[in-house]
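> Return atomic coordinates for the entry below.
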Amino acid sequence: MRCEEAVRARLLEHVPASNREAQLKLLYLCLFLIKGRIGLDRQTTETVMRSVAEFL
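Model prediction:
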């Protein structure tokens, strides 16, 4: 469980360098959220969206 939390934290901090990386980041993040049956708070959601905004 701690390992998954660490991976999720690294994923949230990751700034994609390409459209493909941005898509993969969002895909993996969705899978983590679905698997854990959790959501993101507003601040975290905004951080994620800013990190991929260039590619949307």
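
> got the contact list for stretch 26-46?
Residues outside stretch 26-46 that contact it (CB atoms under 8 Å, 6 or more residues apart in numbering): Glu4, Val7, Arg8, Leu11, Leu12, Val48, Val52. Backbone N, C-alpha and C define where each C-beta goes, glycine included.

> Stretch 48-56 now?
By CB under 8 Å, 6+ apart, the residues outside stretch 48-56 that reach it are Leu12, His14, Val15, Pro16, Ser18, Asn19, Ala22, Gln23, Lys25, Leu26, Leu29, Leu40.

> can you pull the buried residues of the one helix or strand Gln43 maps to?
Using DSSP states H and E, Gln43 sits within helix 42-52. Residues of helix 42-52 classed as buried under the neighbour-count rule (16 or more other CB atoms under 10 Å) are Val48, Ser51, Val52.

> next one: stretch 19-30
For stretch 19-30, by 16+ other CB under 10 Å, it's Ala22, Lys25, Leu26, Leu29.

> Nothing else from me, thank you.
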